[in-house]
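Visitor: Below is the sequence, then the predicted model.
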Amino acid sequence: MTSKSKWLSAPYVLWSVVFIIIPLGMIFYYGLTDKTGAFTLENITAIMTAEHRKALWLSLLLSLISTLICFLLAYPLAMILANMKVSQHSFIILIFILPMWMNFLLRTLAWQTLLEKSGVINSVLTFLHLPNINIINTPYAIVLGMVYNFLPFMVLPLYNALSKIDENVINAARDLGAGSVHTFFRIILPLSVPGIISGITMVFVPALTTFVISTLLGGSKILLIGNVIEQEFTQASNWHLGSGLSIVLMIFIILNMIASAVFDKDGEGGIL
Amino acid sequence: MSKELVYLENISKSFDGQMVLDELNLKIHENEFVTLLGPSGCGKTTTLRILGGFTSPDTGRVFFDGQDITNLSPNKRQLNTVFQKYALFTHMTIAENIAFGLKIKKKSKSYINDKIKYALKLVNLEGYENRMPDSLSGGQQQRIAIARAIVNEPKLLLLDEPLGALDLKLRQEMQYELIRMKNELGITFVYVTHDQEEALTMSDTIVVMNQGYIQQIGSPEAIYNEPENAFVADFIGDSNIIPAIMIEDRLVNILDTRFACVDTGFGHNKPVDVVIRPEDVELVEPSEGTIQGVVTHLIFKGVHYEMEVMANGFEWLVHSTTMFPVGKQVGLRVDPFNIQIMNKPESEDEEATAIDI
């Protein structure tokens, strides 16, 4: 790299330092000290209290379920898209990306209105003399919100990976005697692993850390780890505990990243 | 001739309203090396894909070994394909790639291992079992693709421009390899290419195609020496294609000069095209030539000199080992049996093209 082109990276370096490195340093500082400024691991070990453990466990469970549902919904769709001609699929991709352009908070609020006990969906169901659904303020509503919000992040990397598979590689498998099921499990699925890993990361990580979806669709009764951390910062004003729990959450995210790096050696599926 | 293996009957195919194959009929015999030759878009790859089962024809039927296989899916056909750009399974080792078809056929482990060894030996890549496809060069990957296909002992091997991505030297080597393999294995090859030299080198039979029609089927010698129309003459090798009038049997008027020839049956005073290969034009002293001209261009090509001679308003392409400098007056002479008479093109696809591939 020449000294001239090094200068081009200056804004990015400045950005990273101010908005990534320094805040990260502050989180570690707060997380590893108590109110007097003395070093302590108490904020980290606080995750072991029953209340926090329960929140973390629920967060992991709901994120995993949401990721799985996203995967099962997205894979067939991505396959259909990858097999379409460019002129046909760009419209469908647009439909999928369109909601992403609208504010995430707004979309989640919309679901709140739709799902309310006397909300839009139940009004229609009542009108049709069908039983009402009462999933607002339950984990089901949270999973629904997660799937709805994060599905495009699963579709795009999967589509990306699947459309890269040479049609003749699939033809070759058929030519060598493989039926369509065998071709799928031995050829298409393994070749799309980079996209799968990337999609899982892009759904699992934001789902694990969300507090907006759980606040709006889960009511105040269901606490995810994201909500606990948020409350430590905003209501309890205990930045030390909030930071400590953040570090614990970060460990899970880093584990996920390591897993992605191991599986996706070529960095092919990543769209980040 | 040996037994008929494949019969394509009245095959038509169009994509988005564009006719790619029009009522194509083709027979392929056992143990034959057949090359489908033509420019891009002539329908040769579509023909191969219909044979492999990857594309179904709009009309017509495909017979294999006497059975109608038109609607049979690719995995049920007793043939294998070597794809353009190899199409190896990049997530599997070389051995796993080669074993793919055999595992599906539920062959025993020892049988599969023997076959892998045998196939790698055949393509001169012994010891590559545990390598990944990406770590191999293009030529090696192509040979693995061939090995992967032939271990299944197909009756028919389809090859879709398999040497297209290789450099000249490697391509020539692979041509000999393929001929050797064909003779060793005794299977029928159907080979698609746009490279006329490749076709002439390897084939028993060449099928020249253009715009969805078969232009000529014949041995390499027949295709080269007796092209049936201007397209074939122009596509295979260099040629002088000159409008002429067939005065009577064995006498043709080319550029207002009478030439003796050997063709008969064209009628009297009929407009025709004649093909004269550049190496068949003899340059002699002006007094000894049938017609006279002036050398206008001269290029040294290694094996021979390439010259252009302006004579009677036509620029003749001449290949000769004797050099005549630009501006020199020369006489041109052609042996009667080197003059090939063709009917005038009846349709666009039979015309000579300007494309040189």
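Guide: That came in fine, so what should we check first? Residues are numbered from 1 along each chain as shown, chains lettered A, B, ... in the order given.
Visitor: Check chain A for its longest helix and report it.
Guide: Secondary structure of chain A per DSSP state H: the longest helix is helix A:50-83.
Visitor: Would you mark the buried spots in it?
Guide: Buried residues in helix A:50-83, defined by neighbour count with 16 or more other CB atoms under 10 Å in any protein chain shown: A:52, A:55-56, A:58-60, A:62-63, A:65-67, A:69-71, A:74-75, A:77-79, A:81-82. Just so you know, the C-beta spots here come from the backbone N, C-alpha and C atoms, and that holds for glycine as well.
Visitor: Skip ahead from that helix and say which helix or strand is next.
Guide: Next helix or strand after helix A:50-83 toward the C-terminus (DSSP states H and E): helix A:86-101.
Visitor: list the buried ones in that following helix?
Guide: Within helix A:86-101, the residues that count as buried by 16+ other CB under 10 Å are A:89, A:96.
Visitor: Tell me which helix or strand comes right after that helix.
Guide: Using DSSP H and E, the next helix or strand after helix A:86-101 towards the C-terminus is helix A:104-115.
Visitor: Could you list every helix and strand in contact with that following helix?
Guide: If you count contacts as 3 or more CB pairs under 8 Å, 6 or more residues apart in numbering or on different chains; DSSP states H and E, helix A:104-115 packs onto helix A:120-127, helix A:139-163, helix A:212-218.
Visitor: Could you check the angle the longest helix of chain A makes with helix A:139-163?
Guide: In terms of direction (axes from the mean of the first three to the mean of the last three CA atoms, to 10 degrees), helix A:50-83 departs from helix A:139-163 by 40 degrees.
Visitor: per-residue confidence averaged over helix A:50-83?
Guide: The average pLDDT within helix A:50-83 is 93.
Visitor: Tell me which other helices or strands it touches.
Guide: Helix A:50-83 is packed against helix A:86-101, helix A:139-163, helix A:193-209, helix A:225-234, helix A:239-263, with contacts defined by 3+ CB pairs under 8 Å, 6+ apart.
Visitor: how far does stretch A:164-181 stretch from start to finish?
Guide: By CA to CA, to the nearest Å, the extent of stretch A:164-181 from end to end equals 20 Å.
Visitor: quick revisit: nearest to chain B, out of the helices and strands packed on helix A:50-83?
Guide: Among the helices and strands packed on helix A:50-83, the nearest to chain B by CB to the nearest CB is helix A:193-209 (7.9 Å).
Visitor: got the angle for the closest one vs helix A:104-115?
Guide: For helix A:193-209 against helix A:104-115, the angle by the same axes, to 10 degrees is 70 degrees.
Visitor: Pull out the buried positions in helix A:193-209.
Guide: A:194-209.
Visitor: Helix or strand with the lowest mean pLDDT in chain B?
Guide: Here the helix or strand of chain B ranked lowest by mean pLDDT, DSSP states H and E is helix B:168-185, holding a mean of 86.
Visitor: And for that one, what's in contact with it?
Guide: Applying CB atoms under 8 Å, 6 or more residues apart in numbering or on different chains, the external contacts of helix B:168-185 come out as B:33, B:122-124, B:138-139, B:142-143, B:146, B:150, B:159, B:162-163, B:166, B:189, B:191, B:198, B:201-202.
Visitor: Same check on stretch B:103-122?
Guide: Residues from elsewhere that reach stretch B:103-122 (CB under 8 Å, 6+ apart): A:176-178, A:182, B:75, B:94-95, B:98-99, B:102, B:126-129, B:147-148, B:150-152, B:181, B:184.
Visitor: Check stretch A:233-253 too.
Guide: The contact list for stretch A:233-253, computed with CB under 8 Å, 6+ apart, reads A:26-35, A:42-44, A:46-47, A:52, A:56, A:60, A:205, A:208-209, A:225-226, A:228-230, A:232.
Visitor: Buried among the residues you listed? Need that as a selection in ChimeraX.
Guide: Remark: buried members of the contacts of stretch A:233-253, expressed as a ChimeraX selection using 16+ other CB under 10 Å:
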select /A:27,30,31,32,33,43,44,46,47,52,56,60,205,208,209,225,226,228,229,230,232
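Visitor: how many neighbours does the residue lying closest to A:Met100 once chain neighbours are set aside have?
Guide: Sequence neighbours aside, A:Pro152 is the residue nearest to A:Met100 in space, at 5.3 Å (criterion: CB to CB, 6 or more residues apart in numbering or on different chains). A:Pro152: 18 surrounding residues under other CB atoms under 10 Å in any protein chain shown.
Visitor: got the contact list for A:Pro152?
Guide: By CB under 8 Å, 6+ apart, the residues touching A:Pro152 are A:96-97, A:99-100.
Visitor: and which of those residues is nearest B:Glu228?
Guide: A:Phe96 (55.2 Å; CB to CB).
Visitor: Please look at that closest one and A:Val155 and confirm they touch.
Guide: Yes - under the criterion of CB atoms under 8 Å, A:Phe96 makes contact with A:Val155 at 5.9 Å.
Visitor: How far does stretch B:338-350 stretch from one end to the other?
Guide: By CA to CA, the extent of stretch B:338-350 from end to end equals 21 Å.
Visitor: and it, average pLDDT?
Guide: The average pLDDT for stretch B:338-350 rounds to 86.
Visitor: Which residues does that stretch contact?
Guide: Stretch B:338-350 is contacted by residues B:210-213, B:215, B:225-231, B:233, B:244, B:246, B:252, B:254, B:259, B:261-263, B:266, B:271-277, B:280, B:351 when judged by CB under 8 Å, 6+ apart.
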